[in-house]
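Undergrad: how does the following fold in three dimensions:
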Amino acid sequence: MWLVSVLDLQFRARRFVIAVVVTSLVFGIALAIDGMRRSVQSETPAIVALFGADHWIVARGSPQCSGYDARRPHARARRGRRS
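TA: Numbers count the residues shown, from 1 in each chain. Model (predicted):
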């Protein structure tokens, strides 16, 4: 059985090499995309920490930013303005 597999790989060596290279490229791209996603996720808290802010206050009627949570009660936002 092993001999048949080795002979098949020798016969189809070019296809095997192409399959390995393409699989490696796809895996590498997936790792790169995951790394970019993780850096974007960690960048937002770092920017907020840089300003020393606990949260952002967005004016009513302004377009929503990516980190704005519309479900947050307005009373909490008012408390933030007083301090």
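Undergrad: quick one: low-confidence ranges for this structure?
TA: 55-56, 63-83 (pLDDT under 70).
Undergrad: do a quick rundown of the helices in it.
TA: Per DSSP state H, the chain carries helices over the ranges 2-11, 13-51, 74-82.
Undergrad: make TSV from these and add mean neighbour count and distance to residue 61 to it.
TA: For glycine as for every other residue, the C-beta is placed from the backbone atoms N, C-alpha and C. TSV is the format used below for those (neighbours: other CB atoms under 10 Å; distance: least, CB to CB, whole Å):
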stretch	mean neighbour count	distance to residue 61
helix 2-11	9	66
helix 13-51	10	23
helix 74-82	9	13
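Undergrad: can you list those in CSV and add distance to residue 58?
TA: Formatted as CSV, the helices of the chain follow (distance: least, CB to CB, whole Å):
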stretch, distance to residue 58
helix 2-11, 61
helix 13-51, 13
helix 74-82, 8
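Undergrad: which of those helices sits closest to residue 57?
TA: helix 74-82 (5.4 Å; CB to CB).
Undergrad: nearest to residue 60, out of the helices of the chain?
TA: Nearest of these (CB to CB): helix 74-82, 8.5 Å.
Undergrad: who wins for proximity to residue 59 among the helices of the chain?
TA: The nearest among those, by CB to CB, is helix 74-82 at 10.0 Å.
Undergrad: out of the helices of the chain, which comes closest to residue 62?
TA: helix 74-82 (12.6 Å).
Undergrad: okay, which residue is most central for this protein?
TA: residue 37 (1.6 Å; CA atoms, centre = their mean).
Undergrad: and it, how far from residue 8?
TA: 39 Å (CB to CB, to the nearest Å).
Undergrad: before we move on, back to that, how about the contacts made by the residue nearest to the centre of the chain?
TA: If you count contacts by CB atoms under 8 Å, 6 or more residues apart in numbering, residue 37 has none.
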